[in-house]
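1. based on what follows, work out the 3D shape:
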Amino acid sequence: MLKSIPQTALAVSLLAATVTPGWAAPDKLFGAINERLSFMQSVAAWKADNDKPVEDLPREKVVLDAAREKAVENGLSADNVTLFFQAQIDAAKDIQTCWIERWESGEARPQNVPDLIKDVRPELLRLGNEILTLLAESPVEASDQQAFTEALTVECLSDGSKSALFEGLVDVHD
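-> Numbers count the residues shown, from 1 in each chain. Next up is the predicted model:
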């Protein structure tokens, strides 16, 4: 009996997934990083609405300490993970600053801003943990750079921040 093309394609996909178990992990990882950074417009709006500065060094320390702890749990270098998470924090600050500058120049601001503490931070924590789990499952190689660049679609994310993030990802497994 002949299989339909969709059934054949599904069988080939499943076979490929069993032969190369970490094959899709970089795409999932890159998507999680993009999703985490996509919250920065809301973070910027909340900070602007609440007259808070973009840079929050005590919070950065909490995030970096948690990343170090989770890195060890996942068998990763705490120092290398810290460098990657610092690159994420720096990218997040750049994105927030970009949005605030746009709003100060007259661009429309979001109307329904989620609460940073109750709504956004739990999602950022969840995504940070997901990123660390995915990093432990599949190292990022230099050959993944184009896929990474294409996956990061967050507005206000500079090319310099993308490069720093990618370098941090590659270095996690060094």
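2. all helices of this protein, in order?
-> Assigned by DSSP state H, the helices in the chain fall at 5-19, 25-38, 40-49, 57-73, 78-104, 121-137, 145-151, 159-171.
3. how about those, which one is nearest residue 111?
-> helix 40-49 (9.2 Å; CB to CB). Yep, even glycine has a C-beta here, placed from its N, CA and C like the rest.
4. report the distance from that closest one to the chain centre.
-> 17 Å (CA atoms, centre = their mean, to the nearest Å).
5. with adjacent residues omitted, what lies nearest to the residue nearest to the spatial centre of the chain?
-> Nearest residue to the geometric centre of the chain (CA atoms, centre = their mean): residue 33, 1.6 Å. Nearest in space to residue 33, with sequence neighbours left out and distances taken as CB to CB, 6 or more residues apart in numbering, is residue 131 at 6.1 Å.
6. likewise residue 81?
-> Per CB to CB, 6+ apart, closest to residue 81 is residue 71, 3.6 Å.
7. what's near enough to touch the residue nearest to residue 92 when sequence neighbours are not counted?
-> Residue nearest to residue 92 in three dimensions, not counting chain neighbours: residue 40, with 5.0 Å by CB to CB, 6+ apart. Residue 40 is in contact with 92, 95, 96, 99, 154, 156, counting by CB atoms under 8 Å, 6 or more residues apart in numbering.
8. check residue 63 too.
-> With CB under 8 Å, 6+ apart, residue 63 has these contacts: 85, 89, 128.
9. pretty sure the last one is touching residue 65, no?
-> Pointing back at residue 128 there. No. Using CB atoms under 8 Å as the test, residue 128 is too far from residue 65 to be in contact (11.9 Å).
10. any weak-confidence spans in this structure?
-> The chain contains residues with pLDDT under 70 at 1-25.
11. rerun at 90
-> Applying pLDDT under 90 to the chain picks out residues 1-25, 138, 173-174.
12. out of the contacts of residue 40, which comes closest to residue 167?
-> Nearest member of the contacts of residue 40 to residue 167, counting by CB to CB, is residue 92, at 16.6 Å.
13. report how many residues lie close to that closest one.
-> Neighbour count of residue 92, defined by other CB atoms under 10 Å: 23.
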